[in-house]
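In: I would like the atomic coordinates for the input below:
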Amino acid sequence: MPHIPKRRAVLIITASIVAIAFGVLVSLSGFYADWLWFKSVDFTSVWKTTLVTKALLFVVFGALTSLIIITNIVIAYKRRPLYIPLTIEADNLERYRGQLEPIRRYVVAGLALVLFYFAGTAGSTLWTSWLLFKNSTPFGTKDSQFGLDISFFAFRLPFWQSLLEWAISTIILSLIATVIVHYLYGGIRLQVREDRTTVSARVQLSVLLGIIVLIKGGAYWLDRYHLALTEGKLITGLTYTDVNAVLPAKAILAGIAVVCSLLFFANIIRRSWVLPAAGVALLVISSVLISGVYPGVIQQFQVKPSESSKEAPYIQKNINATRVAYGIDGVKVTDYQATIATSAGQLSKDATTISNIRLMDPNVLSATFRQLQQIKPYYTFPFSLDIDRYRVAGVQRDTVVAVRELNLAGNPSRNWINDHLVYTHGFGFVAAYGNVRDADGKPSFLVGDLPPTKGLGTFEPRIYFGENVPDYSIIGGAKSTTPVELDYPDDSSANGQKNVTYTGKGGVPMGSLFNRLVFAIKYQEQRIVLSNLINKDSKILFERNPRDRVAKIAPWLTLDGNPYPAIIDGKIQWIIDAYTTSAGYPYSKKTTLSGATTDALTTNSASITAQADVSVNYIRNSVKATVDAYDGTVTLYQWDATDPVLKTWSKAFPNVIKPKSAISKDLLAHIRYPEDLFRVQRDILSSYHVTNASAFYGGQDFWRVPRDPSTFGANANAQPPYYLTLQMPGATKPSFSLTTPFVPVGGRENLSAFASVNSDPGPNYGKMTVLQLPRSTNIAGPSQVASNFEAKPVVANSLSLLRQGGSDVVLGNLLTLPVGDGLLYVQPVYVRATSNSASYPLLQKVLVSFGDQIGYDDTLQGALDQVFGGNSGTTTTNGSTSPSTGKTGTSTTSLAAALASASQALKDGQTALAKGDFTAYGQAQTRLKSAIAAAIAAQSQK
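Out: Predicted coordinates:
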């Protein structure tokens, strides 16, 4: 062996140590960065609990799997025969043994490590199942078939089944490894006629086979309980055949499996495989006959001839369980004798609902917000805006809201410093009235501009945490240093902008060289270490998306796909609805979250996160979460105090969820009923509004969500639910609600029902009301109404003209409103120029339908009056509507809207005059005059 010089050997050793240390540092950088992040948000308890649980399961499952398999290999090797008869087969195996023997110990050690790693990795994935099993909380409701609390099926059964799967796979691997070793070392000799296995081999194999069959018996027994969760062709849960055939069959098979395992254990003493083989044959034949043929015979000859009556008790169990599991057991279904006749003054009793008709479509106005409020190209707004409500002049107003976030792609000067140290945050909150437009069709902004106007008071406008922020930003610094971060553009400043230094508590400190090195490795960016702009007071912000932050802190929660911003206690807070789910509620219908929540909005909007393809049969909106847009503080509030799933997770992660009483009054005012939950519930309600087993079996009264009228064709997606302030028939006051229509299952598009859920916090929050239309009445559904609009010559000709000459028509949300003792449809019509990229939709027309009558006018008032004989019974002012008697107090709303429109027109005029754009100035003056006239008219009604 050549001699290596001492100096060279030292260099090699040093280089090896450095390489290993660097490899360890790289692999642990993400781990350490995670710990720093959890420390910065004050949720290290979650990090520790999750880590310890995963590590414990990794070690336990890895060690047990490796120990069991390696122990069987060692036993097989030590019990190998000392003398092997000479045969051709033995001679060939001898060569393999000769090659293996020098490295045998290393092979076994390597196999042990491989088994430990892969089994441990698989075992660590069971951390959620283990925590649910360990902290199981009773539901307080027992399953009617087995007399067990629901918690057994939801929390305990899944872990028991996982344990059996692990056990049987481990023993099978042990069996395979044992057979290989015995064959290799002569314990199994296939070419001899007698004594093909040695006594040691037979004993070991008999024990392993007996254990496998015994575990299979346990699986058969647990399968009995799993029948309550099995999705069948008719329902979820046990059916007549399951109870009378499959259930006893599983018990019999479990008993046969135990007997069969005893036969294998008896083979330890006997020298024949006949009895164990007979036992296995009996188990296989019994499985086919008892578990397959017999239930099929029962189903074919007892159930099918009178299936509706035989299955009725089980269908009823399914209906009751499903309604409870999805929280729709308290839904009130009311017959609504909707009229299609129209008459003058018909809407006089519905003035409050009419006054709140939202003409501003949040899914259309994004381009309008960008053009009017983006200010600079490095700002942007989401594809879909949000709906909330605020009190303005003492009146609750529906508003279209969004925050002005960063758009680094729009920055013409892209480099690392600008992307991560200068352009660090968005700025401002923008809100527009939901039912007001100016003379040009633009929305009337309640809050906007830079710096933001005071329409909703003073608040912290900086958006460091949002849905469109850089993956990381390095912020902060000493107070004495010159601010580096761009705050907002400001013409009064010498350099045309205001700069700022972040002073919030969010972020991970970057003062130490080690931390900088960790993040340099994490983001593969050497300038994090080398830049002199990063100092001892600097911090790094990452994991900045509000939804991602909540998901990281509470991975056991399912989050709504559409977080929304709100001004709460002087801060911009993101509000995220969070759900607890389970797939273990007996007899409850299973649904996939992705399928149940898919509609035209979730499919086409890039700003809404689609739900995962996860199967559930229980869901609760148990948590309301907030994320501070300035400092990233995450707060989780308990919302459903009765949910046993949340109670279970709260045991596993104590002190993570704050009590409901901690919700501030200001936050409570902006809580709303979550969209994805409502989507799931309406999907279930489309069938499970039928509470009679016989009617459910027939299926003739099932509904579906209508196709979105803005998407034509057979593959059109479902219409999304809409937030509206309305007063349902029979209600004493209006409420902020989430609504949806229903049409019959099949090809018909006439309206079957209308559902609304109260979104105002209080005793009626979550109260769902369904208005069911008479089956004999043909009320047009949304798709039919949309077709009727296009079919009316006046409308068709007007829309055709609007679509010509470099313009395009954008149809807004088609709203369904139960007013005037019937159903009113309202759809805003926007026009957008196609000649340039800076165009944006402007509200120009309003379509209205009631019964067979269609109205089409520049204003909602004009369209309503066309439908209701020249007088709808309400009067509208600049998009807001007030009762013609003036007795409901909504004239205050009209006055506020008119004044807001006047203020906006005045600002637009001043801006146009400063730019020398006299055409725009003239248009603004015209709008100002109209707004002043509207304000005078509204004042006269008070």
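
In: Distance check, Ala109 against Val24.
Out: 22 Å (Cβ to Cβ, to the nearest Å). Quick note: C-beta positions are derived from backbone N, CA and C, even for glycine.

In: Next: Ile521.
Out: Taking Cβ to Cβ, one finds Ile521 at 11 Å from Val24.

In: between the two, who's got more neighbours?
Out: Ile521 (21 against 10; other Cβ atoms under 10 Å).

In: Return the residues in contact with Tyr618.
Out: When contacts are counted by Cβ atoms under 8 Å, 6 or more residues apart in numbering, Tyr618 touches 154, 325-326, 581-585, 588, 645.

In: If we only consider these, which is nearest to Asn418?
Out: Thr581 (42.3 Å; Cβ to Cβ).

In: doesn't that closest one fall inside a helix?
Out: No. Under DSSP: H, G, I helix; E, B strand; the rest coil, Thr581 sits outside any helix and is assigned strand.

In: May I have the residues that are in contact with it?
Out: Shown in contact with Thr581 (Cβ under 8 Å, 6+ apart): 558, 593, 614, 616, 618-620, 645.

In: Can you name the residues bridging to it?
Out: Ile619 (DSSP bridges).

In: Now do it, the pLDDT please.
Out: You'll see Thr581 listed with a pLDDT of 97.

In: can you check Asp852 too?
Out: 90.

In: what separates it from Thr339, distance-wise?
Out: 11 Å.

In: Which residue of these two possesses the greater neighbour count?
Out: Shown here are Asp852 and Thr339; by other Cβ under 10 Å, Thr339 has more neighbours (16 against 11).

In: Chain neighbours aside, what residue packs nearest to the more buried one?
Out: Using Cβ to Cβ, 6 or more residues apart in numbering and skipping the chain neighbours, the partner closest in space to Thr339 is Gly822 (4.6 Å).

In: got the contact list for that neighbour?
Out: By Cβ under 8 Å, 6+ apart, Gly822 lies in contact with 338-341, 779, 850-851.

In: which of the residues you listed tops the neighbour count?
Out: Phe850 (27 neighbours).

In: Report the beta-bridge partners for that residue.
Out: Here Phe850, judged by DSSP bridges, has bridge partners Leu824, Gln853.

In: you'd agree it is up against Leu823?
Out: Yes. Counting by Cβ atoms under 8 Å, Phe850 does reach Leu823; the two are 7.2 Å apart.

In: So what's the residue count around Asp858?
Out: Neighbours of Asp858 (other Cβ under 10 Å): 13.

In: Helix, strand or coil: sort out the nearest residue to it once chain neighbours are set aside for me.
Out: Spatially, and ignoring its direct neighbours in sequence, Asp858 is nearest to Lys845 (6.2 Å; Cβ to Cβ, 6+ apart). In the three-state summary, Lys845 is assigned as strand, counting by three-state DSSP.

In: number of nearby residues for Phe383?
Out: Residues within reach of Phe383, counting by other Cβ under 10 Å, total 14.

In: returning to that earlier point: what subset of the contacts of Thr581 is buried?
Out: Among the contacts of Thr581, those scoring as buried are 558, 593, 616, 618-620, 645 (criterion: 16 or more other Cβ atoms under 10 Å).

In: Kindly reformat those as CSV and extend each row with pLDDT and distance to Phe459.
Out: Shown next, in CSV, are the buried ones among the contacts of Thr581 (pLDDT from 0 to 100; distance: Cβ to Cβ, whole Å):
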residue, pLDDT, distance to Phe459
Thr558, 97, 30
Leu593, 96, 34
Val616, 97, 37
Tyr618, 97, 38
Ile619, 97, 34
Arg620, 97, 32
Val645, 98, 35
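
In: out of these, what pair is the most spread apart?
Out: Greatest spacing in those, by Cβ to Cβ: Leu593 and Val645 (15.1 Å).

In: got the contact list for Leu843?
Out: With contact set as Cβ under 8 Å, 6+ apart, Leu843 has these partners: 359-360, 437, 441-443, 812, 828-830.

In: Please name the bridge partners of it.
Out: Applying DSSP bridges, one finds that Leu843 bridges with Tyr830.

In: Would you indicate which residues of the helix or strand where Tyr856 lies are buried?
Out: For Tyr856, the element it lies in under DSSP states H and E is strand 853-857. Buried residues in strand 853-857, counting neighbours by 16+ other Cβ under 10 Å, are found at 854-857.

In: who does it touch, helix- and strand-wise?
Out: If you count contacts as 3 or more Cβ pairs under 8 Å, 6 or more residues apart in numbering; DSSP states H and E, strand 853-857 packs onto helix 782-791, helix 793-802, strand 842-850, helix 860-867.

In: Centre of the chain to it, how far?
Out: Distance of strand 853-857 from its chain centroid, counting by Cα atoms, centre = their mean, to the nearest Å, is 39 Å.

In: now that strand against strand 842-850, angle please.
Out: 160 degrees (axes from the mean of the first three to the mean of the last three Cα atoms, to 10 degrees).

In: From Gly747, how far out is Ser783?
Out: Ser783 is 11 Å from Gly747, by Cβ to Cβ.

In: Looking at the two, which is more packed in?
Out: Ser783 (20 against 7).

In: Give the closest residue to that one in space, chain neighbours not counted.
Out: Glu749 (4.4 Å).

In: Isn't the one you found up against Val785?
Out: No. The pair Glu749 / Val785 is not scored as a contact, 9.1 Å apart, by Cβ under 8 Å.

In: Which one's more surrounded, those two?
Out: Val785 (24 against 19).

In: hang on, isn't that one packed against Pro706?
Out: No. With contact defined as Cβ under 8 Å, Val785 and Pro706 do not form a contacting pair (9.9 Å).

In: coming back round to it: distance to Asp350 added to the buried ones among the contacts of Thr581, as CSV?
Out: Listed next are the buried ones among the contacts of Thr581 as CSV, based on distance: Cβ to Cβ, whole Å:
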residue, distance to Asp350
Thr558, 37
Leu593, 36
Val616, 38
Tyr618, 38
Ile619, 33
Arg620, 34
Val645, 40
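
In: nearest to Pro761, of those residues?
Out: Distances from Pro761 to the buried ones among the contacts of Thr581, taken by Cβ to Cβ, are shortest for Arg620, at 16.6 Å.

In: Now that closest one: closest residue in space, sequence neighbours ignored.
Out: Of all residues not flanking Arg620 in the chain, Asp643 sits nearest, at 4.6 Å (Cβ to Cβ, 6+ apart).

In: measure that neighbour to Ile328 for me?
Out: 15 Å.

In: Val645 too?
Out: Val645 is 17 Å from Ile328, by Cβ to Cβ.

In: likewise Glu101?
Out: Here the distance between Glu101 and Ile328 works out to 69 Å (Cβ to Cβ).

In: Give me the more crowded residue out of the two.
Out: Taking other Cβ under 10 Å, Glu101 and Ile328 do not tie; Ile328 has more neighbours (20 against 9).

In: That one belongs to a helix?
Out: No. Under three-state DSSP, Ile328 falls outside any helix and is assigned coil.

In: That one contacts Tyr688, doesn't it?
Out: Yes. Look at Ile328 against Tyr688 with Cβ under 8 Å: they come within range, at 6.7 Å.

In: Give me the spatial nearest neighbour of Thr648, chain neighbours excluded.
Out: Counting by Cβ to Cβ, 6+ apart, Thr137 is the residue found nearest to Thr648 once chain neighbours are left out, at 4.5 Å.

In: meant to ask about Pro841
Out: Using Cβ to Cβ, 6+ apart and skipping the chain neighbours, the partner closest in space to Pro841 is Tyr830 (3.7 Å).

In: what about the one you found, distance to Gln861?
Out: 18 Å.

In: who has more neighbours, those two?
Out: Taking other Cβ under 10 Å, Tyr830 and Gln861 do not tie; Tyr830 has more neighbours (24 against 21).
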